[in-house]
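>>> coords please:
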Amino acid sequence: MTSAAPKGLILAAPRSGAGKTTVALGLMRALAQRGRQIQPFKCGPDYIDLAFHSMAARRTSYNLDCWAMTAPQLRRLARDTAADSDLAIVEGVMGLFDGAPAEGRAGRGSAADLATLLGWPVVLVVDVSGQTETAAAVALGCARYREDITIAGVILNRIASERHRALIKPAFDRVGLKLLGALARDEQLVLPERHLGLVQAQEIGSIETHLDRLADRISESCDLDAISALARPMLVEPRDDQPIGAGIKPPGQRIALASDAAFSFSYPHLIRHWRESGAEIITFSPLADEAPDPSADAVWLPGGYPELHAGRLAAARRFLGGLRHAADSGACIHGECGGYMVLGNGLEDAHGDRHAMAGLLSLETSFAKRRLHLGYRRARLLAACGLGQPGAIVHGHEFHYASILAEADEPLIDCRDAAGNAITERGARRGSVSGSFLHVISGEAP
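Numbering: from 1, shown residues only. All right, here's what the predicted structure looks like:
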């Protein structure tokens with residue numbers, strides 16, 4: 001373990017949709033092209049942005065979530081993963097101060113909370129569409145709203161013309177906020193989206209070309225040297241020695257991990273933690289009809305988009321047969337969200353067509369009857385599973401549109417939202433097979 005305090009900064013915005021991801025990806029790729037070692041991070045529970053970050057920076061991106069993680073855990077993760085980097089860049093979540101309705105383990109999950117905890121300055125991305133001087137007023141409000149964070153500079157996004165920029169700049173000079181660049185409005189820079197957010201990076205054939213285009217725009221429009229110079233060393237506390245996957249032990253010694261376009265929502269810090277704890281990770285692709293390694297004593301099915309590939313999964317005989325064989329052998333099998341649905345009896349797609357799944361749990365789900373389930377979750381395990389023993393507490397996030405048509409197995413969790421209110425999510429367990437709609441981020445260390 002190193003005691004180095006890596007330098008970093010946080011890219012945030014006054015609201016969602018302001019262009020944080022565009023600027024973050026362009027900046028990561030542009031600096032990487034200059035030979036800099038960039039360690040990317042994402043504030044909050046998002047798992048889709050991580051793959052884009054990792055491609056842009058050519059280095060694995062990690063979540064830093066101050067609602068679900070403790071402060072020592074967060075700082076340990078940031079310190080260890082960024083120790084050999086030149087610069088850490090965190091993409092914020094929603095608006096700068098937006099988080100859960102109640103305090104979590106180290107904050108409410110906002111980018112501002114993370115900035116305070118790490119001591120890294122904020123670079124604000126401001127969408128200036130349809131405004132001039134008001135943009136400076138919005139940025140100044142963000143800078144003065146909390147005294148425990150530092151707005152070190154501003155990047156303007158979606159300027160209409162050089163005249164538009166010229167009308168905006170004097171206001172920023174007047175309030176003393178440094179402009180670091182201005183990115184022109186360009187629809188070619190927009191990434192495609194679907195119901196859970198961006199289309200996954202691995203599904204975009206031209207992603208490398210797109211990232212290079214973003215890097216070119218950022219290099220032309222922003223002062224990369226000035227942005228890099230704003231980075232500050234991370235705050236380090238003597239007690240920052242908590243494991244990065246605190247409270248979540250490996251579910252087995254040899255873990256078969258489903259990994260493809262249908263099962264891509266794995267949290268990298270947990271996979272890293274399992275490896276550091278001595279477990280072996282063996283990936284396989286259900287979409288390629290690969291069965292989990294028969295020597296594995298645990299099978300992990302992460303979330304993803306099984307509803308987009310339900311027909312292929314229903315026809316994947318080797319995959320489904322391998323899952324059933326693993327269950328018959330007593331292997332620990334756990335599914336999160338999409339993985340949970342695949343362990344069930346059937347999945348109804350958006351067109352109303354039912355597809356038979358593994359049948360290891362009684363769960364029946366439907367995307368024809370869509371309903372959004374979103375938010376932080378704190379859950380107590382009611383039964384032993386890959387997440388731990390009965391009574392253990394886990395923290396995570398729920399984000400899906402599936403409706404439950406049937407769910408008759410033994411409940412797995414007692415689940416609460418961020419404010420402590422009971423919710424209907426209960427998960428399921430049958431023998432050594434378990435699952436829930438919860439994407440687990442962290443546990444509570446003994």
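>>> Show me the shaky parts of the stretch 151-300 of the chain.
191-205 (pLDDT under 70).
>>> same thing but 90
Applying pLDDT under 90 to the stretch 151-300 of the chain flags residues 186-207, 236-247.
>>> Can you list the residue ranges for strands in it?
Using DSSP state E, counting those that start in this stretch, the strands found in the stretch 151-300 of the chain span residues 151-159, 179-184, 193-194, 197-198, 232-233, 254-258, 280-284, 298-301.
>>> Can you lay out these as CSV showing mean neighbour count?
In short, each C-beta sits where N, CA and C put it, glycine included. CSV is the format used below for the strands of the stretch 151-300 of the chain (neighbours: other CB atoms under 10 Å):
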stretch, mean neighbour count
strand 151-159, 23
strand 179-184, 21
strand 193-194, 11
strand 197-198, 16
strand 232-233, 14
strand 254-258, 24
strand 280-284, 17
strand 298-301, 28
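>>> out of the ones you listed, which comes closest to Leu74?
strand 232-233 (15.6 Å; CB to CB).
>>> still on that earlier bit, turn the strands of the stretch 151-300 of the chain into JSON lines, columns for distance to Leu211.
Converted to JSON lines, these look like this (distance: least, CB to CB, whole Å):
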{"stretch": "strand 151-159", "distance to Leu211": "17"}
{"stretch": "strand 179-184", "distance to Leu211": "15"}
{"stretch": "strand 193-194", "distance to Leu211": "17"}
{"stretch": "strand 197-198", "distance to Leu211": "13"}
{"stretch": "strand 232-233", "distance to Leu211": "27"}
{"stretch": "strand 254-258", "distance to Leu211": "26"}
{"stretch": "strand 280-284", "distance to Leu211": "24"}
{"stretch": "strand 298-301", "distance to Leu211": "29"}
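>>> right, so of the ones you listed, which gets closest to Gln73?
Of all those, strand 232-233 comes closest under CB to CB, at 19.3 Å.
>>> May I have the strands that pair with that closest one, each with its orientation?
For strand 232-233, the paired strands and their directions (DSSP bridges) are strand 7-12 (antiparallel).
>>> The partner strand to strand 151-159, inter-axis angle?
40 degrees (axes from the mean of the first three to the mean of the last three CA atoms, to 10 degrees).
>>> Tabulate the CA atom coordinates of the next helix or strand after strand 7-12 in CSV.
Note on strand 7-12: by DSSP states H and E, the next helix or strand toward the C-terminus is helix 20-33. C-alpha atoms of helix 20-33 as CSV (Å, rounded to 0.1, in the frame of the first residue of the first chain):
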residue,chain,number,x,y,z
LYS,A,20,-20.1,16.6,-18.3
THR,A,21,-19.5,13.3,-20.0
THR,A,22,-18.6,15.0,-23.3
VAL,A,23,-16.0,17.2,-21.7
ALA,A,24,-14.7,14.5,-19.4
LEU,A,25,-14.2,12.0,-22.2
GLY,A,26,-12.6,14.6,-24.4
LEU,A,27,-10.3,15.8,-21.7
MET,A,28,-9.3,12.3,-20.7
ARG,A,29,-8.5,11.3,-24.2
ALA,A,30,-6.7,14.5,-25.1
LEU,A,31,-4.4,14.3,-22.1
ALA,A,32,-3.8,10.6,-22.6
GLN,A,33,-2.7,11.4,-26.2
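>>> residues near the nearest residue to Gly119 once chain neighbours are set aside, how many?
Nearest non-adjacent residue to Gly119, counting by CB to CB, 6 or more residues apart in numbering: Leu235, 3.6 Å away. A count of nearby residues for Leu235, using other CB atoms under 10 Å, gives 16.
>>> Isn't Leu235 up against Leu118?
Yes - assessed by CB atoms under 8 Å, Leu235 is found in contact with Leu118 at 6.0 Å.
>>> how many neighbours does Glu162 have?
By the criterion of other CB under 10 Å, Glu162 has 10 neighbours.
>>> give the contact list for it.
Applying CB atoms under 8 Å, 6 or more residues apart in numbering to Glu162 gives no contacts.
>>> same thing with Gly278?
Applying CB under 8 Å, 6+ apart to Gly278 gives the contacts 250, 253.
>>> cool, and Val123?
9-12, 151-155, 180, 227, 230.
>>> where are the low-confidence patches of the stretch 301-446 of the chain?
369-372, 444-446.
>>> And the strands in it?
For the stretch 301-446 of the chain, the strands defined by DSSP E, counting those that start in this stretch cover 332-336, 346-348, 354-356, 364-366, 373-381, 393-400, 403-406, 413-417, 428-430, 433-436, 439-443.
>>> so what does the longest one touch, helix or strand wise?
This points to strand 373-381. Contacts defined by 3 or more CB pairs under 8 Å, 6 or more residues apart in numbering; DSSP states H and E place strand 373-381 against strand 393-400, strand 413-417.
>>> Beta-bridge partners for Ile38, please?
Where Ile38 sits in a bridge, its partners, by DSSP bridges, are Leu87.
>>> related to what we said a few turns ago, can you redo the helices and strands packed on strand 373-381 as JSON lines with mean neighbour count and distance to Asp98?
Formatted as JSON lines, the helices and strands packed on strand 373-381 follow (neighbours: other CB atoms under 10 Å; distance: least, CB to CB, whole Å):
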{"stretch": "strand 393-400", "mean neighbour count": "23", "distance to Asp98": "15"}
{"stretch": "strand 413-417", "mean neighbour count": "20", "distance to Asp98": "16"}
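>>> Of those, which is nearest Leu270?
strand 393-400 (10.4 Å).
>>> contacting residues around that closest one?
Against strand 393-400 from outside (CB under 8 Å, 6+ apart): 45, 67-69, 104-105, 196, 247-248, 303, 337-338, 372-381, 387-388, 413, 425, 437-444.
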